[in-house]
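1. Provide a 3D model corresponding to the input given below.
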Amino acid sequence: MDFSFTEEQTLLRDTVASYLADHYDFEKRRAAVKSATGWRPEVWKAFAEELGILGAAFSEELGGLGGGATENMVIMEEFGKALVVEPYVGTVVIGGGFIRHGQPAGGDDLAGKIIAGEATIAFAYAEPQARYNWADLKTTARKDGAGWVLNGAKAVVVGAPWASHLIVTARTGGSQREASGVSVFLVEKSAKGVTTRDYPTVDGQRASEVTFENVALPASALIGQEGDGLPLVETVIDEAIAATCAEACGVLRKLHEGTLDYTKQRKQFGQPIAQFQVLQHRMVDMFIQVEQSVSMTYMAHIKLGEAAAERAKAVSAAKVQIGRACKFVGQNAIQLHGGMGMTDEMAIGHYFKRATMIEGLFGSVDHHLRRYEGLSFASAA
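-> Numbering: from 1, shown residues only. This next block holds a predicted model:
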């Protein structure tokens, strides 16, 4: 597959990589995730003002640089290499996706705040009973005059401790798991009735359990069409999966490179263990998994603009490959490092934790295999 980057995209990659090399080394990252806030707002501001990357995927009409999914892919792969915790996916990919596809009232203003680094967004979609069924919702929104009243709870809302806004899925009609009746709302986190319980996740991120109790929303809070939000949610989540796959490619590269370097230094029986043929075969298998993941991720991004079924099949295929690679490469990296691989002082363990979390994010391997199968059978029929 020939996937050539433009000169601008290559420059974007080099700019992001250079900044992260100077300002986001492993020790600085480790200190940030252990701090009270769990991130560095000054880095987020630098993303906006110094690098301008928060606007890279937004159209020029919205004040961005006129890029799209490929720019997100380039940025996320570099973020994966540095284990960046700042909420790019939630804010730029997901928030920007809902603005672009849902065209909410005030969307242009929100996009401007995102690009300027003044707004951060967390996507509150997951509920404990739902697994990976985005339509399985107990959270409800009922009409109240011209506006809405929101009630319910969301689990593991990644990035919510840092968010100024939440994008929330809620049921405005139909039964609990019905495809119709799903709506999407933009909610200010400071709104009366919104409460959060914040906590760190195993991979260094921060998340919240979010409760909505009689939260009054204006009519303008609705994103997209009332009761017809599921296709919009699926589109944006597919874009988020593709971006997460790109992040995973960066994580996988560092897992493989770090293991390769370690085996050249670690000696056993008087020679580096990298000279043992069985371990050479193992590292070749790891390299193959990394390269296959990159190819499938590129293909998923190429297909994002296609019809819904083709887009979904490509994204699910990439997520299956990414999930398998995260497990294989991550576990082999830890095994070849021995017990040291799980220590907090070594970077490899942190990459492994992030790879493990990505494996189940937005759907496990089994979920996406079933999704791909169902879409394939439907198209064949």
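2. where are the low-confidence patches of the stretch 1-150 of the chain?
-> Within the stretch 1-150 of the chain, the segments meeting pLDDT under 70 span 1-2.
3. all strands for it, in order.
-> 121-124, 140-144, 147-158 (DSSP state E, counting those that start in this stretch).
4. what's the answer for the stretch 251-381 of the chain, then?
-> For the stretch 251-381 of the chain, applying DSSP E, counting those that start in this stretch gives strands covering 267-268, 271-272.
5. Report the distance from the first one to the chain centre.
-> I take that to be strand 267-268. 39 Å (CA atoms, centre = their mean, to the nearest Å).
6. Repeat that for stretch 219-238.
-> On CA atoms, centre = their mean, the centre of stretch 219-238 falls 18 Å from the chain's centre.
7. so how far is the first residue of that stretch from its last?
-> Stretch 219-238 has an end-to-end distance of 27 Å (criterion: CA to CA, to the nearest Å).
8. Just the buried positions in it, please.
-> Neighbour-count burial for stretch 219-238 flags 221-224, 226, 228-230, 232-238 (criterion: 16 or more other CB atoms under 10 Å). Every C-beta, even on glycine, is put in place using the N, C-alpha and C of the backbone.
9. Pull the residues that contact stretch 104-114.
-> 54-55, 58, 62-64, 91-92, 95-96, 98-99, 119-121, 165, 186, 219-224 (CB atoms under 8 Å, 6 or more residues apart in numbering).
10. Which of those residues are buried, as a PyMOL select command?
-> Of the contacts of stretch 104-114, the buried ones can be selected in PyMOL as follows, counting by 16+ other CB under 10 Å:
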select buried, resi 54+55+58+62+64+91+92+95+96+98+99+119+120+121+165+186+221+222+223+224
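11. So which of the contacts of stretch 104-114 are in helices?
-> Taking DSSP state H, the ones among the contacts of stretch 104-114 that sit in helices are G96, F98, I99.
12. Pull the contacting residues for the last one.
-> Contact analysis of I99 by CB under 8 Å, 6+ apart lists L62, G107, L110, A111.
13. what separates it from A333, distance-wise?
-> 38 Å (CB to CB, to the nearest Å).
14. Closest one to Q9 out of the buried residues of stretch 219-238, please.
-> D238 (21.0 Å; CB to CB).
15. now S59: how far from E310?
-> On the measure of CB to CB, S59 and E310 end up 23 Å apart.
16. what about P218, neighbour count?
-> Counted by other CB atoms under 10 Å, the residues lying close to P218 total 14.
17. oh, and call the first residue 617 from now on, that's how I've got it
-> With 617 as the first residue, the last one maps to P834.
18. Need the nearest residue in space to it, chain neighbours excluded.
-> G763 (4.9 Å; CB to CB, 6 or more residues apart in numbering).
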